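Trainee: give me a 3D structure for the following:
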Amino acid sequence: MTKITRLLILDPVPHGRRGHHQHFIEGVLRDRETLGVDAHFFVGKSDADSISTEPVFHPTFQHYLYKPLSSDPYNGALRDFQIGSQAFAADLHHVLKMRPSESDLLIVPSTSFRIAAGLARWRRETKCASPAVLLFHHLVPVHLSLQPGSLGGALARTTGEALAASKKDGEALLGATTEGLAKRLSTAMKMRVSELPLPLWYPASSQTEAECVGAPPVVAVVGGLRKEKGAELMPSIVADMEHLGIPARLSVQGNNPDPESLQPLMELQRAGRLDLLREELSDEEFGQVISKATFILFPYDRKRYLDRSSGAFSYAAALGRPCIVPSDTWMSQQIEAGNAAGLIYSGNTSSDIVCCVAAAISDVARLSELAAIRAGTWRAKQNGTAFLRSAIEWAENRTMARRQG
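Mentor: Below you'll find the model as predicted:
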């Protein structure tokens, strides 16, 4: 069996920005010695590249993962795919300086159709046999549909065909962070997409009994403060909680909020009606905010989170905090399956959400105990080390099978 000795991470986002991309880099750096691998990171180019002098970072990609390359309302997504996949393939030629072989594993921790098609094109051009793992968190652009006859469906099928054509040169494992997304992609791409562990590394829980006793419940909203995450609902949620006399404090954390959502929250903070934390947090600090809350509230858009995972929800589940989530989402599925604890609300109004908050507060002891019980299993299964181990094991097995076959 060919042992994987080096991870080549392909992540077209500038190094150093906080968020799940930097979180993944830091997790790999912590795990590489335990896993017995070296790691190199091929990241997006930026004006700040000179700040990092570490030899494991290689500014490589000219186009960022989330940046659309065309704004045309008719064929923008198509042009984005065409230009982006070709550019990604061209940028990947910089990886050849590492002389990649079958003992190297290429990992794309956040992929899209244009990236996957670009990697397939580069593999056909170079005959690089290094196995590759590509992970979908959601669709990029997010508005794409995978329905037959749609542009998104066509891009998915084209990408699947490109990967299938490159298989003779090297193996690729397609993964998704949720079962629902894996199934949708498998159908659209006409190839297997597997659900893989979430690439998250959790800090230790700092919740103690003393922090809970005698204090009013804290209902926390954490993570990016954007429209699809309920930013516009915050003022009405505060008003409804006050109107119903709910004995809880709303705490809102979110750096880089939508500008139009920030001003009303700042006014509520000045009036002493909620706690607002806008600072960019380290993973440890983010975990502390979650651990100190009684409940974590997710007033998220259902359509956007139907089969999309949530890092904040995963942190809450791993740290033993009960959650309040919308029905018909990946998060509600986790609670219904007994993987996490909390309550699920139907409806879309702030009143629907606040009624669920009231029900959760009346059942706080049971929900908190259940969340603590389920946290250990979540941490053991849904973590970044498990993701890396599964990727390495797959690569070593596929390399052995290719040599024998």
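
Trainee: kindly format the C-alpha coordinates of the strand or helix carrying Met266 as PDB.
Mentor: If you go by DSSP states H and E, Met266 is part of helix 259-270. Below are the C-alpha coordinates for helix 259-270, written out as PDB (Å, rounded to 0.1, in the frame of the first residue of the first chain):
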ATOM      1  CA  PRO A 259     -24.600  47.200   6.900                       C
ATOM      2  CA  GLU A 260     -28.400  47.700   6.800                       C
ATOM      3  CA  SER A 261     -28.900  45.300   9.700                       C
ATOM      4  CA  LEU A 262     -26.200  46.800  11.900                       C
ATOM      5  CA  GLN A 263     -27.700  50.200  12.800                       C
ATOM      6  CA  PRO A 264     -30.900  48.800  14.400                       C
ATOM      7  CA  LEU A 265     -28.900  46.400  16.500                       C
ATOM      8  CA  MET A 266     -26.500  49.200  17.600                       C
ATOM      9  CA  GLU A 267     -29.600  51.200  18.700                       C
ATOM     10  CA  LEU A 268     -30.900  48.300  20.700                       C
ATOM     11  CA  GLN A 269     -27.600  47.800  22.300                       C
ATOM     12  CA  ARG A 270     -27.400  51.500  23.300                       C
END
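
Trainee: which strands and helices sit next to it?
Mentor: helix 234-243, strand 275-277 (3 or more Cβ pairs under 8 Å, 6 or more residues apart in numbering; DSSP states H and E). (Glycine included, C-beta is placed from N, CA and C.)

Trainee: and the last one, what other elements does it pack with?
Mentor: With contacts taken as 3+ Cβ pairs under 8 Å, 6+ apart, strand 275-277 sits against strand 249-253, helix 259-270.

Trainee: the longest one now?
Mentor: For helix 234-243, the contact count by 3+ Cβ pairs under 8 Å, 6+ apart identifies strand 249-253, helix 259-270, helix 350-362 as packing neighbours.

Trainee: just the angle between the second one and helix 234-243, please?
Mentor: Same thing as helix 259-270. 30 degrees (axes from the mean of the first three to the mean of the last three Cα atoms, to 10 degrees).

Trainee: to Ser291, which of the helices and strands packed on helix 259-270 lies closest?
Mentor: strand 275-277 (14.2 Å; Cβ to Cβ).

Trainee: direction included, what does the closest one pair up with?
Mentor: Here strand 275-277 is paired, per DSSP bridges, with strand 249-253 (parallel).

Trainee: what's around the residue lying closest to Thr126 once chain neighbours are set aside, how many residues?
Mentor: Nearest residue to Thr126, sequence neighbours excluded (Cβ to Cβ, 6 or more residues apart in numbering): Leu96, at 6.6 Å. Leu96 has 11 neighbouring residues, counting by other Cβ atoms under 10 Å.

Trainee: what do you get for Asn383?
Mentor: Residues near Asn383, counting by other Cβ under 10 Å, number 20.

Trainee: what does Ala271 give?
Mentor: Ala271 has 9 neighbours, counted by other Cβ under 10 Å.

Trainee: which positions in stretch 158-173 come out as buried?
Mentor: Neighbour-count burial for stretch 158-173 flags 158-160, 162-163, 166, 169-173 (criterion: 16 or more other Cβ atoms under 10 Å).

Trainee: ditto for stretch 35-46
Mentor: In stretch 35-46, counting by 16+ other Cβ under 10 Å, buried: 35, 37, 39-46.

Trainee: redo the residues you listed as TSV? Include pLDDT.
Mentor: Putting those into TSV (pLDDT from 0 to 100) gives the following:
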residue	pLDDT
Leu35	97
Val37	97
Ala39	97
His40	97
Phe41	97
Phe42	97
Val43	95
Gly44	94
Lys45	91
Ser46	81
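
Trainee: after the one helix or strand in the chain whose mean pLDDT sits lowest, next one along is what?
Mentor: Least confident helix or strand, the chain: helix 209-212 with a mean of 44, by mean pLDDT, DSSP states H and E. Using DSSP H and E, the next helix or strand after helix 209-212 towards the C-terminus is strand 218-221.

Trainee: other SSEs contacting that next one?
Mentor: Partner elements for strand 218-221 (3+ Cβ pairs under 8 Å, 6+ apart): strand 249-253, strand 295-297.

Trainee: what sits up against whichever helix or strand comes after the shortest one?
Mentor: Secondary structure here is assigned by DSSP H and E; on that basis, the next helix or strand after strand 295-297 toward the C-terminus is helix 311-318. Residues from elsewhere that reach helix 311-318, judged by Cβ atoms under 8 Å, 6 or more residues apart in numbering: 20, 23, 198, 200, 202, 222-223, 286-287, 290, 296, 298, 322-323, 325, 331, 334, 339-341, 371, 374-375, 378-379, 382-383.

Trainee: before we move on, back to that, check the helices and strands packed on strand 275-277 for me: which has the lowest mean pLDDT.
Mentor: Mean pLDDT is lowest for helix 259-270 among those, at a mean of 88.

Trainee: what mean pLDDT would you report for the longest strand along the chain?
Mentor: Criterion DSSP state E: the longest strand present in the chain is strand 6-14. Mean pLDDT, computed over strand 6-14, is 96.

Trainee: what about the helices in the stretch 51-200 of the chain?
Mentor: 76-91, 113-126, 151-165, 179-189 (DSSP state H, counting those that start in this stretch).

Trainee: from the contact counts, what lies against the first one?
Mentor: For helix 76-91, the contact count by 3+ Cβ pairs under 8 Å, 6+ apart identifies strand 57-61, helix 113-126, helix 151-165 as packing neighbours.

Trainee: hmm, back to that, turn the helices and strands packed on helix 259-270 into CSV, including mean pLDDT.
Mentor: Formatted as CSV, the helices and strands packed on helix 259-270 follow (pLDDT from 0 to 100):
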stretch, mean pLDDT
helix 234-243, 94
strand 275-277, 92
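
Trainee: which of those is buried the deepest?
Mentor: The highest mean neighbour count among the helices and strands packed on helix 259-270, using mean count of other Cβ atoms under 10 Å, belongs to helix 234-243: a mean of 18.

Trainee: hmm, back to that, mind putting the helices and strands packed on helix 234-243 in TSV, mean neighbour count and distance to Leu119 included?
Mentor: As requested, the helices and strands packed on helix 234-243 are exported to TSV (neighbours: other Cβ atoms under 10 Å; distance: least, Cβ to Cβ, whole Å):
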stretch	mean neighbour count	distance to Leu119
strand 249-253	21	36
helix 259-270	14	36
helix 350-362	19	41
